[in-house]
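Visitor: Next comes the sequence, and after it the predicted model I'd like to discuss.
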Amino acid sequence: MLAEALRAILWKAKDLGFIGGFDMGRLVLHGGALHDVLYLDDVLARVSLARLCHTLSTARALDDMPDVKSQFTHLLYQLLLDRSERVCFEAILCLLGKFDNTERTEDRAAGWILLTREILELPETPSVSGKEYQTKDTLPPKPTKDKRSSKLKRPQPLIKLVMRRLESSFRSSSRPLLHSAARIVLEMGKSRAAAFALGVYEDKGADLQAYDVESSDLDLNESSQHKVTRRKTSSLPLSDGTGGKDTFASLLASLLEVVRTTVACECVFVRAMVMKALIWMQSPHESFDELESMIASELSDPTWPSALLNDVLLTLHARFKASPDMAITLLEIARIFATKAPGKIDADVLQLLWKVGSCFCALFGNHMISLAA
């Protein structure tokens, strides 16, 4: 019932008059109705809370109230620490700009920029084993008066928090969880591709930096175990805890390596989602050799249903449209499908893919001829 009530508020929140005439600040402060949802044993309510926080933190009607918008953003960050993967994943999707079917390239690009540049200070959180994650959606830790529990750790990049959580999920033996985690990586890839399309590239070899202007507490209750602090610029590089320094390249490589191991899963639907995720996470400036090798190996398995293979081909088509400069390499991958599983590939899908790719490759006529051969 609470989830339905939050969804009703979310629907009304799209009405500028509703937002303008409502005291949103009192709802999100510690002790407010929305803040209390964090500690309710209702996963759907917390999922709805993530969507509501995203809507209000990006609402133009609240542009003249930046403090209120910031509070909703802070509350959304807290949901990243939720013990339920479903809630955490929903918060990640919101941050990535994946909220509904009306998403824009600019929103997705902004999501990737936020993911790669935001710095948080997080408290120690209770460790949770993979079994706990896959068997139930537990409550977030309740507030405690122990001051030691609210002691802040060193600054941590938002992208590191998200990727470590995903890596933990990929080590699970739960097929639904593996499928959901792969879908999150796919959506990360879409936001990354949107950023590339707008000319925003991350420096993968640079150390992740903390930011150092004034910080503002995410949770105004100092005794809360969910207290999170945001920072804005500092020149100190972040250590990975082993004497090394985290870089975008190291974080991405670590995550994608865990994702690739998931192709060992017996469930072909999980493997298909992993394949689509890796296609979206592929950068135009990186080698495709490993991806091509993995796809060729997968297509040697006769258990792949035709519908699933064609669904992956449609993913290649969507990738074409998002990154035209990858057309030649993506056509090479399409050829693998056509040669490895010719009887399972829909000719119409392959023709569409080839037609779109050919348009993008118009300047590479000789290469197209070699592909056709």
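Guide: All right, it came through fine. All figures in this text were calculated on a predicted structure; none of them were measured in a lab.

Visitor: how near is the closest residue to Leu96 other than its chain neighbours to Met188?
Guide: Leaving out its chain neighbours, the residue that sits closest to Leu96 by CB to CB, 6 or more residues apart in numbering is Gly111, at 3.9 Å. All C-beta spots, glycine's among them, are computed from the backbone N, C-alpha and C. Gly111 sits 9 Å away from Met188, going by CB to CB, to the nearest Å.

Visitor: okay, and the common contacts of these two?
Guide: Leu96 (CB atoms under 8 Å, 6 or more residues apart in numbering).

Visitor: Helix, strand, or coil at Ala318?
Guide: Following DSSP: H, G, I helix; E, B strand; the rest coil, the label given to Ala318 is helix.

Visitor: from memory Lys344 sits against Leu309, does it?
Guide: Yes - contact between Lys344 and Leu309 holds when scored by CB atoms under 8 Å: they sit 5.2 Å apart.

Visitor: Toward the C-terminus, what is the element adjacent to whichever helix or strand Ser254 is part of?
Guide: Counting by DSSP states H and E, the element that carries Ser254 is helix 248-261. Heading C-terminal from helix 248-261, the first helix or strand you meet, by DSSP H and E, is helix 268-281.

Visitor: got the CA coordinates for the helix or strand just after that next one in PDB?
Guide: Sequence-wise, the next helix or strand downstream of helix 268-281 (DSSP H and E) is helix 289-298. Taking C-alpha atoms only, helix 289-298 is exported to PDB below (Å, rounded to 0.1, in the frame of the first residue of the first chain):
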ATOM      1  CA  ASP A 289      39.300  -8.900 -30.100                       C
ATOM      2  CA  GLU A 290      38.200 -10.200 -26.800                       C
ATOM      3  CA  LEU A 291      34.500  -9.500 -27.400                       C
ATOM      4  CA  GLU A 292      34.600 -11.100 -30.900                       C
ATOM      5  CA  SER A 293      36.300 -14.200 -29.500                       C
ATOM      6  CA  MET A 294      33.700 -14.500 -26.700                       C
ATOM      7  CA  ILE A 295      30.800 -14.200 -29.100                       C
ATOM      8  CA  ALA A 296      32.300 -16.700 -31.500                       C
ATOM      9  CA  SER A 297      32.800 -19.200 -28.700                       C
ATOM     10  CA  GLU A 298      29.200 -18.600 -27.500                       C
END
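
Visitor: low pLDDT regions in the stretch 151-300 of the chain?
Guide: Applying pLDDT under 70 to the stretch 151-300 of the chain picks out residues 151-154, 202-246.

Visitor: So which of Lys344 and Leu309 has more stuff around it?
Guide: Leu309 (22 against 16; other CB atoms under 10 Å).

Visitor: measure the more buried one to Gly343 for me?
Guide: 10 Å.

Visitor: One more: Thr303?
Guide: 14 Å.

Visitor: who has more neighbours, those two?
Guide: Thr303 (8 against 5).

Visitor: tell me the phi and psi of that one?
Guide: phi -80, psi -10 (degrees, to the nearest 10).

Visitor: Which residue ranges of the stretch 1-150 of the chain form strands?
Guide: Remark: strands assigned in the stretch 1-150 of the chain by DSSP state E, counting those that start in this stretch are 119-123.

Visitor: so where is it shaky, pLDDT-wise?
Guide: In the stretch 1-150 of the chain, residues with pLDDT under 70: 1-32, 122-150.

Visitor: Try it again at 90.
Guide: 1-42, 45, 52-53, 55-75, 98-105, 117, 119-150 (pLDDT under 90).

Visitor: name the element Val162 belongs to?
Guide: Using DSSP H and E, Val162 falls in helix 158-170.

Visitor: mind listing what's buried in that helix?
Guide: Of the residues in helix 158-170, 158-163, 165-170 count as buried by neighbour count, 16 or more other CB atoms under 10 Å.

Visitor: quick check, nearest of the residues you listed to Ala194?
Guide: Ile159 (15.9 Å; CB to CB).
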